[in-house]
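Visitor: sequence first, predicted coordinates after that:
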Amino acid sequence: MESFMENSDYQYRRAARSGGNSRANGNRVSERRTMERVRFTRQYDFALLVLTIGIALFGVVMIYSAGYYTASLQNNPFRYVKSQVFCLILGTLGMIVVSMMDYQVFRQRIFRTKLTLVHLLYVLAMFLQAIVLVIGVDLNGAKRWLRLGPLQFQPSEISKIAAILFIAYAVYQRRHDLDYFMGFVRILIYMSPLILLILLENMSSAIIVMGITFGMCFVASKKKWYFIIIILAGAAMLGAIVWLGEGFRMERIRMWQDVENNAGAYQIRQGLYAIASGGLFGKGLGQSMQKLGFIPEAYNDMIFSVICEELGVVGAVLVILAFLVLFWRIVVIACHAPDLFGTMLCVGVMIQLAIQVVINIAVVTNSIPSTGIPLPLISYGGTSAAIIMVEMGIVLAVSRQIKQK
């Protein structure tokens, strides 16, 4: 991947040097670059666009099915659907606008300073994470939401896209530093303030941002040995904290170990009942019994259990395959991106989505201890859905600048 980009840069420099010999050569180079820009605009990845919108629309159907009973108790059967559709419309508009932009604008300097839009978004993310701790809306015992008039959103979702852009820019500027341990430490130091601010009230989102940081640096580095040492050391430290510690995190471990008898594991237990009762082909769309008050907030993080109950193993496998195809398209775009910055943007988006899909399904199936991470574009959550659509717009913007062979 890197050699492809280095060859591309070399060809541009060679063309520029030869073009400086005469005005005629310069005109030919200019015309060739103009033709290449025209070709770039024809590389819009419609397969990725259709997949993204298709998964999002499937999510709307499942939110309606999983949340109809709860919404009906509030005399508003379409409450969750209306909110999700509204945010998806905003997200789709954002995706289209961003996809038509030149993604290089994110790393352009502002007013002849060293600051870029990447830096400004990172600072904005830290500011929002700080003020949510003070004036955030308290829901379910946690301050994770900010309210601006009728608009309510989670700053942690903005922090995810800020992290992707910031790390992609840092890797683009000094990729070779990541071949050494101190290069990774430098990026980790830059990201630590944001991660710590998120961790104060939202461990799940902090895990995702940390995963994005680690994953993007791992992909960018040619030397992998120190990442293996970090993983082993981190696993040992996490194990010590969990097993020697107390509090709600230790309680979640106990719930995971004894889901049948632990009273706190009620939600996971009901989700497992839903999965088991779905069988191979499911009970049929809208026919879930567990969503009728047995699974708390079935339309949210536990929506995959409702998919299994209503659509069966076949439906669940198709959902997983849809995400795998989505990841494959992002990888294809990343491998053919015209520069390292575009490659790392795609890598960051894919890592974020992959982490959320894997952890959500693992929690619902009780493969790992419970943590609140939604299923991308399918679980109810307007802020998350809108931001993910914008992130897909960034990937599509990269796809537009891939050279046509």
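Guide: Received, thanks.

Visitor: span of stretch 283-293 from start to end?
Guide: Taking C-alpha to C-alpha, to the nearest Å as the measure, stretch 283-293 stretches 17 Å from start to finish.

Visitor: how about that stretch: buried residues?
Guide: Going by neighbour count (16 or more other C-beta atoms under 10 Å), the buried part of stretch 283-293 is 283, 288, 290-291. Where C-beta positions appear, they are placed from N, C-alpha and C, glycine not excepted.

Visitor: which residues touch the most centrally placed residue in the chain?
Guide: Residue closest to the average C-alpha location in the chain (C-alpha atoms, centre = their mean): residue 352, at 3.3 Å. With contact set as C-beta atoms under 8 Å, 6 or more residues apart in numbering, residue 352 has these partners: 160, 164, 208, 211-212, 391.

Visitor: element containing it?
Guide: Using DSSP states H and E, residue 352 falls within helix 340-364.

Visitor: now whichever helix or strand comes after that helix - C-alpha only, PDB.
Guide: Proceeding N to C from helix 340-364, the next assigned helix or strand is helix 382-399, under DSSP H and E. What follows is helix 382-399 as a C-alpha-only set of coordinates in PDB (Å, rounded to 0.1, in the frame of the first residue of the first chain):
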ATOM      1  CA  GLY A 382     -29.600   9.400  16.300                       C
ATOM      2  CA  THR A 383     -26.200  11.000  17.100                       C
ATOM      3  CA  SER A 384     -24.300   7.700  16.400                       C
ATOM      4  CA  ALA A 385     -26.200   7.100  13.100                       C
ATOM      5  CA  ALA A 386     -25.700  10.600  11.800                       C
ATOM      6  CA  ILE A 387     -22.000  10.700  12.700                       C
ATOM      7  CA  ILE A 388     -21.400   7.300  11.100                       C
ATOM      8  CA  MET A 389     -23.100   8.500   7.900                       C
ATOM      9  CA  VAL A 390     -20.700  11.500   7.800                       C
ATOM     10  CA  GLU A 391     -17.800   9.100   8.300                       C
ATOM     11  CA  MET A 392     -18.900   7.000   5.400                       C
ATOM     12  CA  GLY A 393     -19.000  10.300   3.400                       C
ATOM     13  CA  ILE A 394     -15.300  10.700   4.200                       C
ATOM     14  CA  VAL A 395     -14.600   7.200   2.800                       C
ATOM     15  CA  LEU A 396     -16.600   8.000  -0.300                       C
ATOM     16  CA  ALA A 397     -14.700  11.300  -0.700                       C
ATOM     17  CA  VAL A 398     -11.500   9.200  -0.700                       C
ATOM     18  CA  SER A 399     -13.000   6.800  -3.300                       C
END
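
Visitor: which helices and strands does helix 382-399 pack with?
Guide: Where contact means 3 or more C-beta pairs under 8 Å, 6 or more residues apart in numbering; DSSP states H and E, helix 382-399 is packed against helix 46-73, helix 79-99, helix 155-173, helix 303-335, helix 340-364.

Visitor: let me know the angle separating it from helix 303-335.
Guide: Between helix 382-399 and helix 303-335, the angle formed by their directions is 20 degrees, by axes from the mean of the first three to the mean of the last three C-alpha atoms, to 10 degrees.

Visitor: next, the angle helix 79-99 makes with helix 382-399.
Guide: Using the same axes, to 10 degrees: helix 382-399 against helix 79-99 is 20 degrees.

Visitor: buried ones in helix 382-399?
Guide: Counting neighbours by 16+ other C-beta under 10 Å, helix 382-399 gives 382-399 as buried.

Visitor: returning to that earlier point: and the two most separated of the contacts of residue 352?
Guide: With distance counted by C-beta to C-beta, no two of the contacts of residue 352 lie farther apart than 211 and 391, which are 14.9 Å apart.

Visitor: for residue 147, pull up the helix or strand it's in.
Guide: Secondary structure here is read from DSSP H and E; on that basis residue 147 sits in strand 142-148.

Visitor: what is that strand packed up against?
Guide: helix 117-135, strand 137-139, strand 151-153, helix 155-173.

Visitor: of those, which is nearest residue 66?
Guide: The stretch from those with the least distance to residue 66 (C-beta to C-beta) is strand 137-139; that distance is 19.4 Å.

Visitor: that closest one: which residues count as buried?
Guide: Buried residues in strand 137-139, defined by neighbour count with 16+ other C-beta under 10 Å: none.

Visitor: distance from that strand to the middle of the chain?
Guide: For strand 137-139, the distance between its averaged C-alpha position and the chain's averaged C-alpha position is 23 Å (C-alpha atoms, centre = their mean, to the nearest Å).

Visitor: for residue 216, what are its contacts?
Guide: Taking C-beta under 8 Å, 6+ apart, we find residue 216 in contact with 164, 167-168, 171, 344, 347-348, 351.

Visitor: grab the nearest non-local neighbour of it.
Guide: Of all residues not flanking residue 216 in the chain, residue 167 sits nearest, at 4.7 Å (C-beta to C-beta, 6 or more residues apart in numbering).

Visitor: in contact with the one you found, which residues?
Guide: Residue 167 neighbours (C-beta under 8 Å, 6+ apart): 187, 191, 212-213, 216-217, 344, 348.

Visitor: what distance do you get for it to residue 260?
Guide: Computed as C-beta to C-beta, to the nearest Å, the residue 167 to residue 260 distance reads 42 Å.

Visitor: repeat that for residue 201.
Guide: Counting by C-beta to C-beta, the gap between residue 201 and residue 260 amounts to 31 Å.

Visitor: these two - which one has more neighbours?
Guide: Looking at residue 201 and residue 260 with other C-beta atoms under 10 Å, you find the greater number of neighbours at residue 201, namely 19 against 7.

Visitor: and stretch 197-211, what's buried?
Guide: By neighbour count on 16+ other C-beta under 10 Å, the buried set for stretch 197-211 is 197-199, 201-202, 204-211.

Visitor: for stretch 117-124, that is, sorry about that
Guide: Neighbour-count burial for stretch 117-124, with 16+ other C-beta under 10 Å as criterion, is recorded at 118-119, 121-122.

Visitor: and stretch 94-104, by the same measure?
Guide: When burial is assessed from 16+ other C-beta under 10 Å, stretch 94-104 yields the following buried residues: 94-95, 98-99, 103.

Visitor: mind listing what residue 105 touches?
Guide: Residues in contact with residue 105, defined by C-beta under 8 Å, 6+ apart, are residue 117.
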